[in-house]
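# Build me a structure from this.
(chains A and B)
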Amino acid sequence: DIQMTQSPSSLSASVGDRVTITCRASQGISNYLAWYQQKPGKVPKVLIYAASTLQSGVPSRFSGSGSGTDFTLTISSLQPEDVATYYCQKYDSVPRTFGQGTKVEIK
Amino acid sequence: QVQLVESGGGVVQPGTSLRLSCAASGFTFSSYAMHWVRQAPGKGLEWVAVISYDGSNSKYGDSVKGRFSLSRDNSKNTLYLEMNSLRPEDTAVYYCARGSTVGYKLPHDYWGQGTLVTVSS
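The predicted structure follows:
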């Protein structure tokens, strides 16, 4: 099975900072990569799919890039409401493995 | 609007069984594969299983293979997860989530609110 490795596992940044989270697949998955945001006590929400397509209603400060094995989620200007754990997930085939998550906090 | 509502969670003893349900509305249920994803307390998301849009095919994660079984009733817009031989490590919030439709691979764009399963003696 393909493994998904996210880094870092946590980060602390200031409001307005640019934040980057990476996700690496152990084998190529084309662009079948989604990013989810899970706020504390809430249900996960898809932010980006097809590696770089912004889900409707998601603020434009979120962006995704990559293809094959290496992917990136970027928050261009971190806001207090972005405090959450972010997960990548492959959905090219099953198992639809998730990354281990990146917890984002405000410094 | 799309809604997914899970039910059936609770506290059970190790080795017993439990059936979860997920009632869907607001979309053509019979056109979508459906998934279960779980999250143990304080842990990350774990993909559990998927069933095809017509119920003819299902796949499972290694941690539940042989113990969990998926089914669906498209006439009732309902998804089921039969969990047998439950273990303490199955303790988690279980989410149902929409998946791909015919011809299109899609992420989990809709999730239920989750139902908590606790396996403890």
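# Flag the shaky bits of chain A, pLDDT-wise.
For chain A, no stretch has pLDDT under 70.
# Just give me the residue right at the centre of it.
Of all residues in chain A, the one closest to the mean position by C-alpha atoms, centre = their mean is A:W35, 3.8 Å from it.
# With adjacent residues omitted, what lies nearest to the residue of chain B found nearest chain A?
Relative to chain A, the nearest point of chain B is B:P107 (3.6 Å; C-beta to the nearest C-beta). In this view, the C-beta of every residue, glycine as well, is placed from N, C-alpha and C. Leaving aside its chain neighbours, B:P107 sits nearest to A:A34 (3.6 Å; criterion: C-beta to C-beta, 6 or more residues apart in numbering or on different chains).
# for the one you found, what are its contacts?
Listed by C-beta atoms under 8 Å, 6 or more residues apart in numbering or on different chains, the contact set of A:A34 reads A:46-50, A:88-89, A:91, B:107-108.
# cool, B:N77 as well?
B:23-25, B:29.
# swap the cut-off to 6 Å and go again
By C-beta atoms under 6 Å, 6 or more residues apart in numbering or on different chains, the contact set of B:N77 is B:24, B:29.
# Next, work out how far apart it and A:T102 are.
Distance, B:N77 to A:T102, by C-beta to C-beta, to the nearest Å: 35 Å.
# which bits of chain B sit near chain A?
With the criterion set to C-beta under 6 Å from any C-beta of the partner chain, chain B comes near chain A through B:44-45, B:47, B:50, B:59, B:61, B:105, B:107, B:109, B:111.
# Widest-spaced pair of the residues you listed?
Largest separation among these by C-beta to C-beta: B:G44 and B:K105, giving 22.2 Å.
# Quick check, the residue in chain A closest to chain B?
Closest to chain B within chain A is A:A34: 3.6 Å, counting by C-beta to the nearest C-beta.
# Figure out the helix or strand that residue 93 lives in.
With no chain named, the answer covers chain A. Assigning secondary structure by DSSP states H and E places A:S93 outside every helix and strand.
# Please refer instead to chain B.
strand B:92-101.
# and what of A:V43?
Taking DSSP H and E as the definition, A:V43 sits outside all helices and strands.
# Can you tell me the closest non-neighbouring residue to it?
B:W111 (4.8 Å).
# partners of that neighbour in the sheet?
B:A97 (DSSP bridges).
# do the same with the one 4 residues further on
Note on B:T115: beta-bridge partners B:Y94, judged by DSSP bridges.
# Can you give me the neighbour number for it?
Neighbour count of B:T115, defined by other C-beta atoms under 10 Å in any protein chain shown: 21.
# And the residue nearest in space to the middle of chain B, what's its pLDDT?
Central residue check for chain B by C-alpha atoms, centre = their mean: the C-alpha nearest the mean position is that of B:W36, 3.0 Å away. Note on B:W36: pLDDT of 98.
# OK, contacts around A:V15?
Taking C-beta under 6 Å, 6+ apart as the test, what A:V15 contacts is A:L78.
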